[in-house]
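Q: starting from these lines, generate the structure:
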Amino acid sequence: MIARLSGAAMRGFLVALMIATPALVVPGVSIDSSQATVLVALLAAFLTFVEYNSSSPSIVEFRDAGPFNRLRFVALFLTVFLLSVICRGKTDPTLLTGALSSIGTIIGNSIDFPFSPVRLVVLMLPADADAEIVQSVRTAAGLSYLISLTAMAVFLFLVRVLGWPSRNGSFNVWVNLPLFDPTAGGDVLYRLNRDARINIALGFLLPFLIPAVVKMAADLLNPITLENPQTLIWTMSAWAFLPASMIMRGIAMQRIAEMIRDQRKRAYASAEGDLQIA
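A: As a prediction, this is how the structure comes out:
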């Protein structure tokens, strides 16, 4: 009980720290923005603590199938932190901010080729956008997209090479997939594979669809402005993290379907062996 309580408290603190990072690192944050950030951070920390301190599942998937959620958190935290440091370098330059800005610029320019997600994000900006804003968006988009691709590659390695999650022991579907009802009807394998394909397809399409939808909606609504550092940080982080998270979820569900299929084969083989002996 003490271990679970301390683990839940630590997770809640880390989530709050991630949300507060842009406000802590980037200078010139207004009082209203700081108060809103503190409120959101405390709410997220409380929800995380309640979720992980409870013995019954709620909404967090793969809660006991590490390091799935830890990998996603590290990717998002790293994205938010690096973008915050780069934005800080515009007003308070240091060797660290300069190095990260140079690395981000190189990555952004390398990934910014025709029809790439980064190019579409840049084209999402208004035609009269300042060149400095365009370069900031390109740098943030390239760096965040690279981190997301790296997280997906690491998780794919964990699944295909290290055999996640079977290496951690038995997998409890009820605890790790609380939003998936195995008794809702239909074959579990078909539903898991269907949900996996949907998640992977949406994950691949979202980096292309989101800029296109924003660009088309700009004529009807106020176009999104990325001049504010916090808006730039959270917009680029969400744009890169959400598709990667969906793809990782799809890969995980495919892996669970494979485990269930293999377990069924072993059960059928054992049953046939018992019948032959009888």
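Q: below-threshold pLDDT in the stretch 151-278 of the chain: ranges please.
A: Along the stretch 151-278 of the chain, segments meeting pLDDT under 70 span 167-169, 185, 217-224, 271-278.
Q: one more time with 90
A: For the stretch 151-278 of the chain, the stretches with pLDDT under 90 are 162-191, 207-231, 235, 258-278.
Q: in the one helix or strand residue 14 maps to, what counts as buried?
A: Under the criterion of DSSP states H and E, residue 14 resides in helix 2-25. Using 16 or more other Cβ atoms under 10 Å as the test for burial, helix 2-25 gives 8, 11-12, 14-16, 18-23, 25. C-beta here means a position set from N, CA and C on the backbone, and glycine is covered the same way.
Q: for the next helix or strand after that helix, packing partners?
A: Sequence-wise, the next helix or strand downstream of helix 2-25 (DSSP H and E) is helix 31-53. Applying 3 or more Cβ pairs under 8 Å, 6 or more residues apart in numbering; DSSP states H and E, one finds that helix 31-53 contacts helix 2-25.
Q: tilt between the helix it packs on and helix 31-53?
A: Between the axes of helix 2-25 and helix 31-53, defined by axes from the mean of the first three to the mean of the last three Cα atoms, to 10 degrees, the angle is 160 degrees.
Q: and the strand or helix carrying residue 265, how far out from the chain middle?
A: Take DSSP H and E as the rule and residue 265 turns out to sit in helix 229-277. Its chain's C-alpha centre lies 15 Å from the corresponding centre of helix 229-277 when counted by Cα atoms, centre = their mean, to the nearest Å.
Q: quick one: list the elements packing against that helix.
A: helix 2-25, helix 68-88, helix 131-160, helix 188-217.
Q: one more time with 6 Å
A: Contacts defined by 3 or more Cβ pairs under 6 Å, 6 or more residues apart in numbering; DSSP states H and E place helix 229-277 against helix 68-88, helix 131-160, helix 188-217.
Q: what's the local residue count around residue 51?
A: Residue crowding around residue 51 was assessed by other Cβ atoms under 10 Å; the count is 18.
Q: ugh, wrong one, I meant residue 151
A: Counted with other Cβ under 10 Å, residue 151 comes out at 24.
Q: any idea which of the helices and strands packed on helix 229-277 gets closest to residue 175?
A: Nearest to residue 175 among the helices and strands packed on helix 229-277 is helix 68-88 (12.8 Å), distances taken as Cβ to Cβ.
Q: following the chain onward from the closest one, which element is next?
A: With DSSP H and E, the next secondary element past helix 68-88 is helix 95-111.
Q: average pLDDT for the helix or strand that that next one is followed by?
A: With elements assigned by DSSP H and E, the helix or strand that comes after helix 95-111 is helix 117-124. For helix 117-124, the mean per-residue pLDDT is 88.
Q: list the helices and strands helix 117-124 packs on?
A: Using 3+ Cβ pairs under 6 Å, 6+ apart: helix 117-124 touches helix 131-160, helix 188-217.
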